[in-house]
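> show me how the following folds:
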Amino acid sequence: MLATLGACSGAGVDGTPGADGVRDPYFPKLGNGGYDVTHYGLTLGYDPDSRHLTGTADITARATKNLSSFNLDLKGLDVSDITVEGKAARFQRAGHELRVRPADELDRGETFRATVRYAGTPETITDDDGSKEGWLPTDDGALALGEPTGSMAWFPGNHHPSDKASYDIEITVPKGLKAVSNGELTRESTKNGRTTFAWHSAEPMASYLATVAVGKYELKRSTTDDGMQVITAVDPARAKASKKVLDELPDILEWSEYNFGPYPFSSTGAIVDRAGHVGYALETQTRPTFPGDFNTGLLVHELAHQWFGDSVTPKSWRDMWLNEGFATYAVWLYEEDNDGDSAQETFDALYDGEYFEDDEDNEALWEFPPAKPTDAASISDSPVYERGGMVIHKIRQAVGDDTFYDIVQGWAKTYRHKNADTRDFTEYVEEHAGGDEARAKVRRIWGDWLYGDGKPDHR
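A predicted model of the protein is given here:
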């Protein structure tokens with residue numbers, strides 16, 4: 001379908017089309033080239049009964065080359081019109097690619113604003129590994145989750161983790177429901193039987209970490225001892241069961257700051273939905289999302305992601321182990337510090353094939369190295385998580401505790417609100433390992449544990 005909403009200037013064409021993907025190793029068509037988004041302003045309305053979503057996306061971006069056109073990622077949904085810098089633009093749909101041709105070409109370095117108006121029934125996406133993401137209808141509303149591709153199901157954008165931006169997300173829902181998102185709640189107002197919730201995220205966020213949760217949540221606000229806002233949204237059916245774990249959030253946050261450095265965002269909290277709506281937890285920025293039943297370890301894991309994955313975000317999905325290896329190891333450290341198994345004992349159980357109840361799960365740990373997942377379906381498999389955690393533990397062994405925690409906190413500080421890849425990490429560790437002997441040890445870790453095939457013949 002080609003919709004012509006305005007004429008394009010035809011003379012003196014110097015620009016070229018932006019790329020329709022950033023050539024991610026596992027999702028080559030995710031993201032787009034030629035521009036960098038700095039801010040998303042999303043104005044949404046949702047009716048759970050009809051499952052109808054209306055949206056206006058105001059996208060502020062900077063052209064990184066002379067552009068005659070650019071692409072946005074949007075799966076499904078009907079686009080009614082697009083403007084760029086206030087002028088009607090032509091657009092064309094092909095799969096999840098939305099190609100936009102502005103009336104006037106965009107010069108390299110130019111900041112521009114594109115506005116997309118759209119509506120429809122957003123899709124639930126089934127990933128290569130069988131999990132569900134995108135827009136997930138629930139008994140009383142909906143839950144939007146985006147790792148790795150789901151955000152394109154509910155708003156147009158540059159949907160690759162390498163392009164982070166600030167967000168303002170405004171959601172209007174029937175009165176009696178809550179609409180929860182990332183960041184801080186800046187406004188709540190009711191008119192004509194509908195309530196609008198406005199959320200602001202000033203710190204950069206990858207689009208896969210953006211969320212919207214609509215339902216009959218119990219919304220609670222408090223502050224930490226140092227004044228940071230804590231917002232939790234809990235399905236009433238899970239309020240009693242989740243209270244004990246959520247009460248631990250301030251202490252876990254304090255423990256995390258002691259180990260990883262200052263918390264990187266302006267607010268924190270959690271979203272707790274019923275079991276069955278989603279089968280996994282996700283580190284949605286500032287407000288991790290949990291299924292109906294979760295424990296302290298899972299809360300530690302998702303809060304650790306606020307440093308590792310959310311603030312320090314991977315450049316590509318190949319670098320997923322930098323998220324999951326650190327978050328997995330955070331749980332081992334927390335258990336070690338709270339009278340549980342030591343990190344060494346957990347490491348040994350994994351190495352000896354005694355960690356999982358199922359022998360196949362113990363063997364699956366060695367199917368591929370953490371930094372080289374086999375394909376898109378394997379980026380959330382055990383080698384990325386548990387073997388990724390083993391890599392972090394090997395670094396700790398090699399450099400000693402004092403240097404290890406300096407590295408962890410320095411890494412989080414150096415790449416705060418930025419993107420990084422595995423090479424950035426290995427170079428950083430080598431630079432700060434503390435001498436030639438330690439540097440030689442960590443280089444062997446890269447060969448044996450991070451990139452090496454199969455189970456290393458030594459622990």
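> from here on, just use CA atoms for contacts and neighbour counts.
Fine.
> could you measure from Leu450 over to Ile392?
10 Å (C-alpha to C-alpha, to the nearest Å).
> buried ones in stretch 287-300?
Within stretch 287-300, the residues that count as buried by 16 or more other C-alpha atoms under 10 Å are 287-294, 296-300.
> mind listing the strands for the stretch 251-400 of the chain?
Ranges of strands in the stretch 251-400 of the chain, per DSSP state E, counting those that start in this stretch, are 267-272, 289-290, 313-314.
> I'd like the distance between Arg318 and Thr422.
Distance, Arg318 to Thr422, by C-alpha to C-alpha: 9 Å.
> same check on Pro250?
Relative to Thr422, and taking C-alpha to C-alpha, Pro250 is found at 31 Å.
> what about the helices in the chain?
239-246, 249-260, 296-304, 320-337, 343-351, 359-364, 382-399, 401-414, 422-431, 436-445 (DSSP state H).
> angle of the first one against helix 296-304?
Here the directions of helix 239-246 and helix 296-304 differ by 60 degrees (axes from the mean of the first three to the mean of the last three C-alpha atoms, to 10 degrees).
> contacts for helix 239-246?
Residues from elsewhere that reach helix 239-246 (C-alpha atoms under 8 Å, 6 or more residues apart in numbering): Glu218, Val272, Asp293, Phe294, Asn295, Thr296, Leu299.
> cool, and the fourth one?
Residues lying outside helix 320-337 but in contact with it, judged by C-alpha under 8 Å, 6+ apart, are 297-298, 300-302, 304-305, 308-309, 313-314, 341-343, 346, 370-371, 379-380, 384-393, 421-422.
> hmm, try it at 6 Å
By C-alpha atoms under 6 Å, 6 or more residues apart in numbering, the surrounding residues in contact with helix 320-337 are 297, 301, 304-305, 308-309, 342-343, 370, 384-385, 388-389.
> and what of the second one?
Helix 249-260 is contacted from outside by Tyr263, Gln409, using C-alpha under 6 Å, 6+ apart.
> quick one on the thing from earlier: ok, so of the contacts of helix 320-337, who is nearest Asp406?
Phe308 (15.2 Å; C-alpha to C-alpha).
> give me the spatial nearest neighbour of that closest one, chain neighbours excluded.
Among residues not flanking Phe308 along the chain, Asn323 sits closest, at 5.1 Å (C-alpha to C-alpha, 6 or more residues apart in numbering).
> Ser267 too?
Ser267 sits nearest to Gln229 (C-alpha to C-alpha, 6+ apart), 4.8 Å away.
> ok, now Arg108?
Closest to Arg108 by C-alpha to C-alpha, 6+ apart is Lys65, at 4.2 Å.
> kindly report the same for Pro373.
Ile379 (5.7 Å).
> repeat for Arg443
Glu430 is the one closest to Arg443 (C-alpha to C-alpha, 6+ apart), at 7.6 Å.
> that neighbour and Arg439 touch, don't they?
Yes: assessed by C-alpha atoms under 6 Å, Glu430 is found in contact with Arg439 at 5.3 Å.
> and His432, its phi and psi?
phi -110, psi 20 (degrees, to the nearest 10).
> burial count for it?
17 (other C-alpha atoms under 10 Å).
> can you give me the pLDDT of it?
Confidence at His432, expressed as pLDDT, is 98.
> and the gap between it and Gly261?
Distance, His432 to Gly261, by C-alpha to C-alpha: 17 Å.
> mind listing what Gly45 touches?
Contacts of Gly45 by C-alpha under 6 Å, 6+ apart are Leu53, Thr54, Ile171, Thr172.
> for the third one, which non-adjacent residue is spatially closest?
If you skip the residues right next to it in sequence, Ile171 has Leu44 as its closest partner in space, 4.7 Å away by C-alpha to C-alpha, 6+ apart.
> what's the distance between that neighbour and Thr195?
Leu44 is 12 Å from Thr195, by C-alpha to C-alpha.
> same thing with Asp359?
51 Å.
> what's the answer for Ala57, then?
In terms of C-alpha to C-alpha, Ala57 sits 19 Å off from Thr195.
> now swap in Leu282 and tell me
Leu282 sits 26 Å away from Thr195, going by C-alpha to C-alpha.
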